[in-house]
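**Q** after the sequence you'll find the predicted model.
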Amino acid sequence: MRRIVLLPLLLSPLLAWAAPPDWRSGWGMVQPVGVPQGSSAGALASVKLEGGASRWQARVDNHLAGPVQVALRQDTGAVALPGLPMQTVLPGSASMVVARLQLPPDTQRLNLLLDAVPGDPAARPMDVAYQLPFDAKRFQVTQAPQGRFSHTDDENRDAVDFALPEGTPVLAARGGKVMQVQGNFRDNGQDPARDRDRANFIRILHEDGSMAVYAHLQANGVLVRSGQRVEAGQRIGVSGNTGYSTAPHLHFVVQANTGMQLRSIPVRIVAPQGELHFARETSPGDASAAP
């Protein structure tokens with residue numbers, strides 16, 4: 001979730017400033033390191049106020065090539081304004097006025113919070129077979145669904161980690177539209193607070209509204225662009241070891257927005273040898289898969 005705090009002063013042009021966000025385990029939910037405070041670069045969505053005197057409108061820009069659900073509300077303790085809080089879904093790359101605000105007389109300061117989550121909560125994911133997201137006859141699963149190292153949160157509970165040498169071609173497991181990419185990070189580590197938002201990844205939107213994430217890609221290892229349509233089996237990236245990672249691997253997870261909350265979805269993955277079945281982990285990082 002991306003949170004923006006607006007701190008307009010004296011109602012002279014209203015300026016948007018980005019507050020340090022809380023990390024909520026979702027891929028691409030945090031402003032990347034090095035992006036200046038107040039910038040919309042790297043954000044899912046941004047908000048700006050337009051108008052003057054006591055009449056203003058809040059415009060939200062969706063920076064992803066797919067739907068984003070947003071919630072606009074006032075900071076705790078603020079004087080209640082008609083029309084807030086509110087929620088809506090913005091189509092990909094849309095710019096939309098989401099609220100019109102009538103400010104009380106002598107208002108000197110207005111604090112608003114914008115939360116944003118990828119995906120449309122009205123989507124209904126289908127039961128489909130996903131292809132293996134790489135081409136290999138033999139492979140190892142280093143963390144299965146519900147893995148105790150990092151597959152314990154809502155967004156990643158059904159994720160699968162495949163051990164892959166750096167530079168392995170990553171393939172689309174299902175066709176769709178590239179919704180979000182991040183590809184410029186180089187480092188990895190085991191400090192969650194520092195390293196989680198430094199993973200390179202691709203988010204692909206499927207026709208049923210579900211979204212697949214391919215993560216920990218190599219620096220400059222994203223081979224597709226936002227808004228591009230891809231087919232199952234198409235090469236989309238190169239595996240790596242970026243972000244919160246102990247060794248080179250591909251993190252694969254399918255997610256859905258269940259109402260301002262990303263949740264992972266159990267999926268069937270079919271290799272040339274047959275459908276994968278995951279063994280229950282007995283210790284962190286101890287997992288395997290067999291067709």
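**A** Sure thing, it's come through. Numbers count the residues shown, from 1 in each chain.

**Q** just after the lowest-mean-pLDDT helix or strand in the chain, pick out the following helix or strand.
**A** The weakest-scoring helix or strand in the chain, judged by mean pLDDT, DSSP states H and E, is strand 16-17 (a mean of 35). Counting by DSSP states H and E, the next helix or strand C-terminal to strand 16-17 is strand 45-52.

**Q** buried residues in that following strand, which are they?
**A** 45-49 (16 or more other C-beta atoms under 10 Å). (C-beta placed from N, C-alpha, C; glycine too.)

**Q** and if you look at stretch 236-248?
**A** 236-245, 248.

**Q** in a markdown table, list those residues along with distance to Pro169 and pLDDT.
**A** Converted to a markdown table, the buried residues of stretch 236-248 look like this (distance: C-beta to C-beta, whole Å; pLDDT from 0 to 100):
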| residue | distance to Pro169 | pLDDT |
| --- | --- | --- |
| Ile236 | 9 | 98 |
| Gly237 | 8 | 98 |
| Val238 | 6 | 97 |
| Ser239 | 8 | 97 |
| Gly240 | 12 | 96 |
| Asn241 | 16 | 93 |
| Thr242 | 16 | 91 |
| Gly243 | 19 | 82 |
| Tyr244 | 23 | 73 |
| Ser245 | 19 | 85 |
| Pro248 | 14 | 93 |
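
**Q** and of these, the nearest to Gln190?
**A** Tyr244 (7.0 Å; C-beta to C-beta).

**Q** can you pull the contacts of that closest one?
**A** By C-beta atoms under 8 Å, 6 or more residues apart in numbering, the residues touching Tyr244 are 150, 188-192, 195-196, 198-199.

**Q** any quick ChimeraX command for the buried ones out of those residues?
**A** To isolate the buried subset of the contacts of Tyr244 in ChimeraX, counting by 16+ other C-beta under 10 Å, use the following:
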select :150,188,195,196,198,199
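
**Q** out of the contacts of Tyr244, list just those in strands.
**A** 188-189 (DSSP state E).

**Q** farthest-apart pair in the contacts of Tyr244, please.
**A** Ser150 and Arg198 (14.1 Å).

**Q** Thr258: how many residues sit nearby?
**A** Neighbours of Thr258 under the rule other C-beta atoms under 10 Å: 14.

**Q** likewise the one 3 residues further on?
**A** Other residues within reach of Gln261, judged by other C-beta under 10 Å, total 16.

**Q** one more: Asp120?
**A** Residues near Asp120, counting by other C-beta under 10 Å: 19.

**Q** kindly report the same for Phe162.
**A** Count around Phe162 with other C-beta under 10 Å applied: 23.

**Q** please name the bridge partners of it.
**A** Assessed by DSSP bridges, Phe162 has beta-bridge partners Val141, Leu250.

**Q** do the same with Ala45
**A** Applying DSSP bridges, one finds that Ala45 bridges with Asn62.

**Q** between the buried residues of stretch 236-248, which is closest to Asn156?
**A** Nearest to Asn156 among the buried residues of stretch 236-248, with distances taken as C-beta to C-beta, is Tyr244, at 10.7 Å.

**Q** tell me what the closest one is bridged to.
**A** Gly189.

**Q** distance check, it against Asp187.
**A** Distance check for Tyr244 against Asp187: by C-beta to C-beta, to the nearest Å, it reads 11 Å.

**Q** ok, now Pro165?
**A** From Pro165 over to Asp187 (counting by C-beta to C-beta), the distance is 18 Å.

**Q** cool, and Gln69?
**A** According to C-beta to C-beta, Gln69 stands 31 Å off from Asp187.

**Q** what do you get for Val170?
**A** On the measure of C-beta to C-beta, Val170 and Asp187 end up 19 Å apart.

**Q** and for Arg109?
**A** For Arg109 relative to Asp187 (C-beta to C-beta), the value is 39 Å.

**Q** was I right about Val222 contacting Ala199?
**A** No. In this structure Val222 lies outside contact range of Ala199 using C-beta atoms under 8 Å: 11.6 Å.

**Q** what is in contact with these two at once?
**A** Gln182.

**Q** shaky segments in the stretch 51-200 of the chain?
**A** 77-78, 144-152 (pLDDT under 70).

**Q** which residue ranges of it form helices?
**A** 192-195 (DSSP state H, counting those that start in this stretch).

**Q** ranges for the strands of it?
**A** Listed in chain order, the strands of the stretch 51-200 of the chain (DSSP state E, counting those that start in this stretch) span 55-62, 68-74, 86-90, 95-102, 112-118, 129-131, 140-143, 160-163, 169-171, 176-182, 188-189, 200-205.
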